[in-house]
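Trainee: Sharing a sequence plus its predicted fold:
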Amino acid sequence: MNYKTLLYSLTCLSFAIVIGAGTYEHLAVVPQWSAAPPLSLTMFQGEYGLDAGAFWMLIHPVTLVLFIILLVVHWKTDRRRAILIPFSGYLVILLATSLYFVPELMEIVGTPLAEAANPSLTARASLWETLSLVRLVLMSLLALTLFSGLTLPDAKQSS
């Protein structure tokens, strides 16, 4: 395996880790906290509250750097389009994440605990969850495009 294909594989792995972590959160974490906020937000509260931010603050920059290097290395190859489409989509998704998903999540989970669910907060959590699932599906479709590039030649195109 040459270094271009190895780099491509590492980028695919990093992108798959992002999607896998998002899938895990949607199966195991989101249903718990979004069930009846603020009553259901205890997992985020206190000294030992869940802080997934440490993971996300590490994996996204690593994935971005890998994508940038991969795009530079493959700019003049048949793989360019299979890299550029998911990379562009990922950038748009990260922008939406920073403008909506993270601030809204922080506001919801930062709500002080209460003895009863708040219908307005529960509706916001439900909307967040639905939109986040759409984001996850889009990421998965982008991953299919990225992975398909592994079947293309890594040599320069003939002119």
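Mentor: That came through, no problem. Numbering: from 1, shown residues only.
Trainee: can you count the residues close to Trp75?
Mentor: Residue neighbour count, defined by other Cβ atoms under 10 Å, stands at 12 for Trp75. The C-beta positions use only the backbone N, C-alpha and C, and glycine is treated the same way.
Trainee: Now it: which helix or strand?
Mentor: Here Trp75 is covered by no helix or strand, with elements defined by DSSP states H and E.
Trainee: From Ile69, how far off is it?
Mentor: Computed as Cβ to Cβ, to the nearest Å, the Trp75 to Ile69 distance reads 11 Å.
Trainee: And Glu129, by the same measure?
Mentor: Using Cβ to Cβ, we find Glu129 at a distance of 34 Å from Ile69.
Trainee: Pull the distance from the biggest helix by length in the chain to the chain's centre.
Mentor: What stands out as the longest helix in the chain, according to DSSP state H, is helix 119-148. From the chain centre to the centre of helix 119-148 is a distance of 9 Å (Cα atoms, centre = their mean, to the nearest Å).
Trainee: Could you list the buried residues of it?
Mentor: 121-122, 124-125, 128, 132, 135-136, 139, 142-143, 145-147 (16 or more other Cβ atoms under 10 Å).
Trainee: now do stretch 35-42
Mentor: For stretch 35-42, by 16+ other Cβ under 10 Å, it's 36-38, 40-41.
Trainee: Spatially central residue for this protein, please.
Mentor: The structure's the chain has its C-alpha centroid closest to Val18; by Cα atoms, centre = their mean the separation is 4.8 Å.
Trainee: So, low pLDDT: which residues of this protein?
Mentor: In the predicted model, the chain carries pLDDT under 70 at residues 1, 157-159.
Trainee: Could you pull out the helices in it for me?
Mentor: Taking DSSP H as the test, the helices found in the chain are 3-24, 30-33, 53-73, 80-96, 102-109, 119-148.
Trainee: Run a quick neighbour tally on Cys12.
Mentor: Using other Cβ under 10 Å, Cys12 is surrounded by 18 other residues.
Trainee: Same question for the one 10 residues further on.
Mentor: When neighbours are counted by other Cβ under 10 Å, Gly22 registers 18.
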